[in-house]
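Colleague: got a predicted structure here, sequence first:
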Amino acid sequence: MDFNLNEEQQMFLDAVEGFASRNLAEDALKRAHARGFPKDVAKMMSEQGLLGITMAEADGGQGGSLMDAVIAIQAVAKYCPRSADVIQAGNFGAVRVLAEYGTQDQKERYLAPILAGEKVISVAMSEPEAGSALTDLKTTATPASGGEGVHLNGTKVFSTHSPEADLFLVYCRYGPGVNGIGSVLVEPDTDGLTRGQPITYLGGEEWCQIYFEDAYVPPENILLREGGFKRQIAGFNVERLGNSSRSVALGRFAYEMARKHAMDRKQFGRPLCDFQGLQWKFAEMKLKLESAQLLLMRAASRADEGFPSVEDTALAKLACNRAGHEVASEAMQIMGAAGYSQDCLIEYCFRRTRGWMIAGGSSEMMLNRIAESVFERRFSQRPPKAT
Ligand SMILES: Cc1cc2nc3c(=O)[nH]c(=O)nc-3n(C[C@H](O)[C@H](O)[C@H](O)COP(=O)(O)OP(=O)(O)OC[C@H]3O[C@@H](n4cnc5c(N)ncnc54)[C@H](O)[C@@H]3O)c2cc1C
């Protein structure tokens, strides 16, 4: 067991940090408050080979490991928290499921422009009546007459970047039960697809309702048919590690800012770091960040064939989400009014880390997954069936 990065990983980390400090640090605050997906950053990152890190070279990726992607997303977040979302979108999110299960044709049409930093993909899973209980989703994919395509009917909510997405990966139902669920790729200008007004999350990202009314999806855009749900969710554990990586990285960003502040700022004629009450806050913050980071690294390094296990992912996500938000909150407290102001990135880190405790499987759902691994059995969350 080695807790250090190997030589290659260290070189990669240094290179990404160098890129981020030179190109992204200066406008980090501006970017945090800007609307929309930073496509200019996506272009730059594509040129640096930072999109598709874990994907096959034949698909336009770098053939790297999940650990490499974690290193990259955290190195970018260290200098520009908002730009880390671009690494997420180009490596961890729906793009990873597309790369894993897409046909050659789908990869050429959709994966290539995403990895070139030209297009944005959004995952449309959640529905008005299917949040944590995702398998209750109602959006149907019914066979279109005279072909192998399908018609989509239903409504999706909460999909990050949906107002500006160029492509949706839509979870849909071909038949009853979990086994009836699969997914399709849908372009936003498809007849029968309409988008509602953009709504802004506390963290600044936007989403909108997506309505499907007999929207036709041709056979070449079907990603996974019946029985695809478990494969999709296995891929989604990668997304969860991207969420975890950013949580802990934004917590660390806030911690570093507060640490410097505590050494510079004087009250009662002494630097803040002279007060034991604040020293202990830093000790607690460090403990939270480092322990969460270890769980994250373990989950990424043990990922089998690129997909991390359910248990490793749940432990890492819960620990990183908690650490990120609790540390950002303490950092804000230590910075006083300055940290609570919008010209300070701590305020942004506080807002963003809050959302990740809900997104991608809430903290409560991660506790449920961990409890299942403790007792090695599944606990149904549904009401008992009448006998
Ligand atoms: C920042 C952000 C980004 C998101 N991006 C996307 C996206 O790109 N695509 C997408 O499809 N969705 C996205 N979502 C939606 C996200 O997946 C859902 O918010 C999440 O699954 C929870 O669903 P819900 O909000 O409907 O809450 P609900 O499922 O209604 O849950 C409400 C509360 O009850 C708790 N709860 C529910 N069931 C249980 C249980 N069995 N045991 C204990 N507690 C329980 C939950 O943890 C939560 O605290 C995003 C959400 C956020 C906040």
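Modeller: Alright, I've got the coordinates.
Colleague: any low-confidence regions in this structure?
Modeller: Across the chain, the ranges flagged by pLDDT under 70 are 305.
Colleague: just want the most central residue of it.
Modeller: Nearest to the geometric centre of the chain sits residue 243, at 3.8 Å (CA atoms, centre = their mean).
Colleague: residues contacting it?
Modeller: Counting by CB atoms under 8 Å, 6 or more residues apart in numbering, residue 243 makes contact with 88, 92, 317, 320, 321, 356, 359, 360. Where C-beta positions appear, they are placed from N, C-alpha and C, glycine not excepted.
Colleague: with respect to residue 40, which of those is nearest?
Modeller: Nearest to residue 40 out of the contacts of residue 243 is residue 88 (CB to CB; 16.5 Å).
Colleague: hang on, the closest one packs against residue 246?
Modeller: Yes - applying CB atoms under 8 Å, one finds residue 88 in contact with residue 246, separated by 6.6 Å.
Colleague: ok, whichever helix or strand the residue nearest to the centre of the chain is part of near the ligand or not?
Modeller: Applying DSSP states H and E as the criterion places residue 243 in helix 229-264. No - judged by CB under 6 Å from any ligand atom, helix 229-264 and the ligand are separated, with a smallest distance of 8.7 Å.
Colleague: in ChimeraX, select just the buried ones from the contacts of residue 243.
Modeller: A single ChimeraX command suffices to select whichever of those are buried according to 16 or more other CB atoms under 10 Å:
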select :88,92,317,320,321,356,359,360
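Colleague: which of the contacts of residue 243 come close to the ligand?
Modeller: residue 359.
Colleague: just the closest of the contacts of residue 243 to the ligand, please.
Modeller: residue 359 (3.4 Å; CB to the nearest ligand atom).
Colleague: relative to residue 217, how far out is that closest one?
Modeller: 26 Å (CB to CB, to the nearest Å).
Colleague: then residue 38?
Modeller: 29 Å.
Colleague: more neighbours, those two?
Modeller: residue 217 (24 against 20; other CB atoms under 10 Å).
Colleague: so in terms of bridging, what pairs with the more buried one?
Modeller: residue 150 (DSSP bridges).
Colleague: list the residues that contact it.
Modeller: 141, 149, 150, 151, 152, 184, 185, 186, 190.
Colleague: TSV for these, including neighbour count and distance to the ligand?
Modeller: Output for the contacts of residue 217, formatted as TSV (neighbours: other CB atoms under 10 Å; distance: CB to the nearest ligand atom, whole Å):
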residue	neighbour count	distance to the ligand
141	28	16
149	17	23
150	23	19
151	17	21
152	26	15
184	27	14
185	21	15
186	24	13
190	16	18
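Colleague: please identify the buried residues of stretch 298-314?
Modeller: 299, 300, 303, 306, 307, 308, 310, 312, 313, 314.
Colleague: on the three-state scheme, the residue lying closest to residue 222 once chain neighbours are set aside is what?
Modeller: Among residues not flanking residue 222 along the chain, residue 184 sits closest, at 5.3 Å (CB to CB, 6 or more residues apart in numbering). Put simply, residue 184 is strand when judged by DSSP: H, G, I helix; E, B strand; the rest coil.
Colleague: related to what we said a few turns ago, after the helix holding residue 243, next one along is what?
Modeller: strand 266-267.
Colleague: give me the number of residues near whatever residue of the chain ends up closest to the ligand?
Modeller: Across the chain, no residue is closer to the ligand than residue 131, which sits at 1.9 Å (CB to the nearest ligand atom). Neighbourhood size, residue 131 [other CB under 10 Å]: 16.
Colleague: wait, what's in contact with residue 179?
Modeller: For residue 179, the contacting residues are 226, 227, 229, by CB under 8 Å, 6+ apart.
Colleague: can you flag the buried ones in these?
Modeller: By 16+ other CB under 10 Å, those give residue 229 as buried.
Colleague: could the contacts of residue 179 go into CSV alongside distance to residue 16?
Modeller: Listed next are these as CSV, based on distance: CB to CB, whole Å:
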residue, distance to residue 16
226, 40
227, 38
229, 34
